[in-house]
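Asks: need a structure here:
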Amino acid sequence: MIAVREPWAIRFPAVAAVVFGQMIEGTCTLERDEVRLTLRPGDFMIMARPPEWVMRSAPDVEPLGLKALFAEPTALRGFDPARPGARFLAGHFLFAESNAGHIAGLLSPIVHVRAADVAAQRLGRLLRLLDDEATANRPGRSLVLDRLLEVILVESLRHRATQVEGMRPGLLAGLADPRISRALRALHMAPSRSWTVAQLAREAGMSRAGFAARFAEIVGASPIGYLSAWRMSLAKAALMSPRRPMVEVAEIAGYGSVSAFSTAFSRATGMSPTVYRQMAAD
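Replies: Sure, this is the predicted structure:
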């Protein structure tokens, strides 16, 4: 929880994570690149891998860096209790590098849920639970916090998935499409299967040509291109375990042999699976 009094401004650093927050009290402007967003009480926002960004009560206030604010939490609370205050909850998700690209594609640049939206009310209840759990010292605190954060992320994705109009191509747009989502779910459930475009089209209940064109338009990649990228993401995650046999990693990625997998992985990433595993261990 961050508490401040007007006038105030905070500069947040660029971060390779998904950041989120909800205004509890007060109003401010969020500035990210050319984006200007007004946050009011109850509003929720979430951003993936944001560059440097600022939250401020007024445009002419010099922002204080987040690190400096953490070093002196009362720095922006002022001496006049009559001045309007602001409070907001903030946090972030960190993902394994193998999954970070997919998450960034789902959430960037900014998801803004207004307080009047039902999703904001649901998120508000979750964030209040998060704040209560974070400030308490109950048994199982870490486990509960992890699960709450997961649910908060899912709720944010649900809200984003309802905004199909104008949504940029990507996985979330595909999951929001009734027909393409059926093919995606089948592909995700059995990524090692030797899928063809015709088989995926049948899952979607579409003709092969119509499905291929629609998939590329909505997801931003061909069906087989997406399948290959998904398999590489699964392989990267599997390679994070140093004891998992390479033949098992190859099977997870849908390849019948280690040599075929190694060739495909090297072509996709520019390094062999062994080198990737060593770098991940370091």
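Asks: where does pLDDT dip in the stretch 51-200 of the chain?
Replies: Counting by pLDDT under 70, the stretch 51-200 of the chain contains low-confidence ranges at 94-109, 118-120, 134-135, 156-169, 172.
Asks: need the strands for the stretch 101-250 of the chain, in chain order.
Replies: With DSSP state E, counting those that start in this stretch, the ranges of strands along the stretch 101-250 of the chain come out as 111-113.
Asks: and the helices in it?
Replies: 118-134, 141-161, 171-176, 178-189, 197-204, 208-219, 223-239, 246-252 (DSSP state H, counting those that start in this stretch).
Asks: so what touches stretch 111-127?
Replies: Identification of contacts with stretch 111-127 by Cβ atoms under 8 Å, 6 or more residues apart in numbering yields 22, 37, 39-47, 89, 148, 151-152, 155-156, 158-160. C-betas here are computed from N, CA, C, even on glycine.
Asks: swap in stretch 57-73?
Replies: Against stretch 57-73 from outside (Cβ under 8 Å, 6+ apart): 2, 4, 6-13, 26-29, 54, 56, 75-76, 84, 86.
Asks: now the buried members of those.
Replies: Using 16 or more other Cβ atoms under 10 Å as the burial test, these include 2, 4, 6, 8-12, 26, 28, 56, 76, 86 as buried.
Asks: what's the closest of those to Leu200?
Replies: Distance to Leu200, by Cβ to Cβ, is smallest for Phe12 among these, at 41.1 Å.
Asks: before we move on, what SS does Leu76 have?
Replies: coil (DSSP: H, G, I helix; E, B strand; the rest coil).
Asks: now the helices of the stretch 101-250 of the chain in JSON lines, with distance to Ala268 and mean neighbour count?
Replies: Converted to JSON lines, those look like this (distance: least, Cβ to Cβ, whole Å; neighbours: other Cβ atoms under 10 Å):
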{"stretch": "helix 118-134", "distance to Ala268": "36", "mean neighbour count": "17"}
{"stretch": "helix 141-161", "distance to Ala268": "26", "mean neighbour count": "15"}
{"stretch": "helix 171-176", "distance to Ala268": "17", "mean neighbour count": "20"}
{"stretch": "helix 178-189", "distance to Ala268": "17", "mean neighbour count": "17"}
{"stretch": "helix 197-204", "distance to Ala268": "20", "mean neighbour count": "18"}
{"stretch": "helix 208-219", "distance to Ala268": "18", "mean neighbour count": "18"}
{"stretch": "helix 223-239", "distance to Ala268": "5", "mean neighbour count": "19"}
{"stretch": "helix 246-252", "distance to Ala268": "14", "mean neighbour count": "17"}
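Asks: nearest to Ala281, of those helices?
Replies: helix 223-239 (9.5 Å).
Asks: now do the contacts for Ala201.
Replies: Neighbour list for Ala201: 183, 207-208, 210-212 [criterion: Cβ under 8 Å, 6+ apart].
Asks: kindly reformat the residues you listed as JSON lines containing distance to Arg231.
Replies: Formatted as JSON lines, these follow (distance: Cβ to Cβ, whole Å):
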{"residue": "Ala183", "distance to Arg231": "15"}
{"residue": "Ser207", "distance to Arg231": "25"}
{"residue": "Arg208", "distance to Arg231": "21"}
{"residue": "Gly210", "distance to Arg231": "25"}
{"residue": "Phe211", "distance to Arg231": "20"}
{"residue": "Ala212", "distance to Arg231": "19"}
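Asks: pull the most distant pair out of the residues you listed.
Replies: Of all pairs drawn from the contacts of Ala201, the greatest distance, 12.8 Å, lies between Ala183 and Ser207 (Cβ to Cβ).
Asks: hmm, back to that, tell me which of the buried ones among the contacts of stretch 57-73 is nearest to Tyr226?
Replies: Taking Cβ to Cβ as the measure, Tyr226 lies nearest Phe12 of those, at 32.8 Å.
Asks: who does that closest one bridge with?
Replies: Taking DSSP bridges as the rule, Phe12 bridges to Trp53.
Asks: ok, and the closest non-adjacent residue to Ala90?
Replies: Nearest non-adjacent residue to Ala90, counting by Cβ to Cβ, 6 or more residues apart in numbering: Gly21, 3.9 Å away.
Asks: return the member of the contacts of Ala201 nearest to Ala190.
Replies: Of all those, Ala190 sits closest to Ala183, with 11.6 Å by Cβ to Cβ.
Asks: wait, isn't the closest one in contact with Glu203?
Replies: Yes. Counting by Cβ atoms under 8 Å, Glu203 is a contact partner of Ala183 at 4.6 Å.
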